[in-house]
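**Q** Take this sequence and fold it.
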Amino acid sequence: MSIEDKERWNEKYQTSFLPQTIIEVVEKYAKEAKGRKALDLACGMGRNAKLLVEMGFKVDAVDISDVAIATLEGIENINAQVADLETYELKEDAYDLIVCTYYLERSLFPKIEGALKKDGILIVETFLHDEANTKEPSNRAFLLEKNELENLLEPHYEILYHQEFMAEVACAKKCMKISTVARKR
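**A** Here you go, the predicted model:
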């Protein structure tokens, strides 16, 4: 990411309505974690981090937007940090749970694997390229390809849950999404 990306996200958090609804897969599968130390990557305004705290987790919440992170400062059991996830170094063997929703940086997957404890849980929900999409992110690089996530996770994780689904988003547009929950071997 660049300074332009940070400015774009700061403006988005200041001027746009962004979803704050709970992401079902996070609510349902976070309890699979054996411990209570979590990392919320690209946390935005903290919908996942806040839910995890309610579930008893201590959460490191990381995002490039200082505007978003400022909304999380002072919340008990949330350690909010501004960081560029393209260069951010994750703590080794530190987390029982890592959540990454609606952010795709493929270079993070080896770092995530190193940061998860053995039997740690990874929850990913993001956009999937599909010919039926009528709404896609502006950059194709932000979309997973068919079977890409499974191939990234396969050798190191046991897949506990996987679903691809068409979702309606703003202006009655549709886009394919993917939800995956995996346990580190």
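**Q** Need the residues that contact the strand or helix carrying R8.
**A** Secondary structure assignment for R8, by DSSP states H and E: helix 3-15. With contact meaning CB atoms under 8 Å, 6 or more residues apart in numbering, helix 3-15 is reached by L18, G44, M45, D63, I64, S65, D66, V67, A68, D84. From N, CA and C alone the C-beta is placed, and that goes for glycine too.
**Q** possible to save those residues as JSON lines with distance to E164?
**A** What follows is those, written out as JSON lines (distance: CB to CB, whole Å):
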{"residue": "L18", "distance to E164": "23"}
{"residue": "G44", "distance to E164": "23"}
{"residue": "M45", "distance to E164": "26"}
{"residue": "D63", "distance to E164": "26"}
{"residue": "I64", "distance to E164": "27"}
{"residue": "S65", "distance to E164": "28"}
{"residue": "D66", "distance to E164": "34"}
{"residue": "V67", "distance to E164": "32"}
{"residue": "A68", "distance to E164": "28"}
{"residue": "D84", "distance to E164": "29"}
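**Q** CSV for those residues, including neighbour count?
**A** Listed next are those as CSV, based on neighbours: other CB atoms under 10 Å:
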residue, neighbour count
L18, 11
G44, 26
M45, 20
D63, 27
I64, 24
S65, 23
D66, 14
V67, 18
A68, 23
D84, 15
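**Q** and which of these is nearest H162?
**A** Distances from H162 to the contacts of helix 3-15, taken as CB to CB, are shortest for G44 (23.7 Å).
**Q** looking at it, that closest one is touching S65, isn't it?
**A** Yes - assessed by CB atoms under 8 Å, G44 is found in contact with S65 at 7.3 Å.
**Q** Average pLDDT for stretch 157-177, rounded please.
**A** Computed over stretch 157-177, the mean pLDDT rounds to 84.
**Q** do the same with stretch 87-105
**A** For stretch 87-105, mean pLDDT rounds to 96.
**Q** in the protein, which spans are strands?
**A** Counting by DSSP state E, the chain has strands at residues 37-41, 58-63, 78-82, 95-101, 116-127, 157-168, 174-184.
**Q** In contact with the closest residue to A141 other than its chain neighbours, which residues are there?
**A** Spatial nearest neighbour of A141, chain neighbours left out: L104 (7.7 Å); criterion: CB to CB, 6 or more residues apart in numbering. Shown in contact with L104 (CB under 8 Å, 6+ apart): T126, F127, A141, F142, L143, L144.
**Q** Narrow these to just the buried residues.
**A** Neighbour-count burial within the contacts of L104 applies to T126, F127, L143, L144; the criterion is 16 or more other CB atoms under 10 Å.
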